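# let's see this in three dimensions:
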Amino acid sequence: MSGETQFYLVAIPAVILLGLSKGGFSGLSSLAMPMMSLVSSPVRAAAIVLPILIVQDWVSVWAFRRDYSLRNLIILTPSAVIGVTLGWLLAARVSEDVVRLAIGVIPMTLLAIIFFDFNFYSIGLPLIVFFCNLIFTSWSLGIFVSGLVLRNGLGAESIVWTLMFGVMPLACIYYPVSVLPHWLQYVAWALPPTYVFEGMRALLTDHVFRTDLMVEALAINVVLLIASFAIFLALLRSARRHGSLIQSGE
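Below is the predicted model:
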């Protein structure tokens, strides 16, 4: 099957979902962009979907041109202008990876609201702060893995992925730290993700923002970032001495 055929097989249902969403089946439009991204780059998918959305909005505005609220228009227009302006300023500067991340995350949060009555956005800024701590941890791991790959080749990457599956139970993603044996809790509290998931559980169940967990996770992440940079530089120097960089390039 050619690439063009695959594109149309995915693009046509995606456009139909957009139309159904405008016709009353709200939420279906959140599936259109992820579907389009399967057969084209996220930026190209957005460029294809955006004119369709604009035309649909034109039709909606024309159909309800005699029924509108001036008060609501006055409230909504400034926010719309700000959003369009920010989009115009950032569109050429945002990488495809960021767009791909947004395409994956935003529809999932909307579907969680529709099917599970779980509003991710109602939790607010504290959850974003904890999520940033997870990103910092991933940076440390990525820097460390990059050093291993430079020194030992791509085979080292699989070892690290295996190690991550061993660390997941200690990060207490699905259960609180208190269920672990007492001696194993000390190991779990040495990992930044443990603080993050404990803080997220406190937000979801008790509606309390644990600043102590956030600060402790951030402090450990700072130490890990410094250590990962030091290890990366050491592995890079070792790779230069042993000629691993040349072998990797070949």
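# centroid residue for the protein?
The centroid of the chain falls nearest to L101 when counting by C-alpha atoms, centre = their mean (4.7 Å).
# so how far is F131 from it?
12 Å (C-beta to C-beta, to the nearest Å). Yep, even glycine has a C-beta here, placed from its N, CA and C like the rest.
# same thing with D117?
Going from D117 to F131 by C-beta to C-beta gives 21 Å.
# again, but for G142
From G142 to F131 the distance is 16 Å (C-beta to C-beta).
# returning to what we had before: between D117 and F131, which has more neighbouring residues?
F131 (11 against 7; other C-beta atoms under 10 Å).
# excluding its backbone neighbours, what's nearest the more buried one?
Excluding the flanking residues, the one nearest F131 by C-beta to C-beta, 6 or more residues apart in numbering is V196, at 7.7 Å.
# which of the three states applies to that neighbour?
helix (DSSP: H, G, I helix; E, B strand; the rest coil).
# neighbours of it, just the number please.
Neighbour tally, V196, other C-beta under 10 Å: 26.
# C172 now?
By other C-beta under 10 Å, the residues close to C172 number 23.
# show me the contacts for it.
Each residue near C172 by C-beta atoms under 8 Å, 6 or more residues apart in numbering is listed here: V179, L180, A188, T194, F197, E198.
# and this protein, what are its domains?
Using automatic domain parsing, the domain parsing of the chain gives 3-118, 123-249.
# what's the pLDDT at the nearest residue to V99 once chain neighbours are set aside?
Excluding its sequence neighbours, the residue lying closest to V99 (C-beta to C-beta, 6+ apart) is P42, at 4.0 Å. pLDDT for P42: 73.
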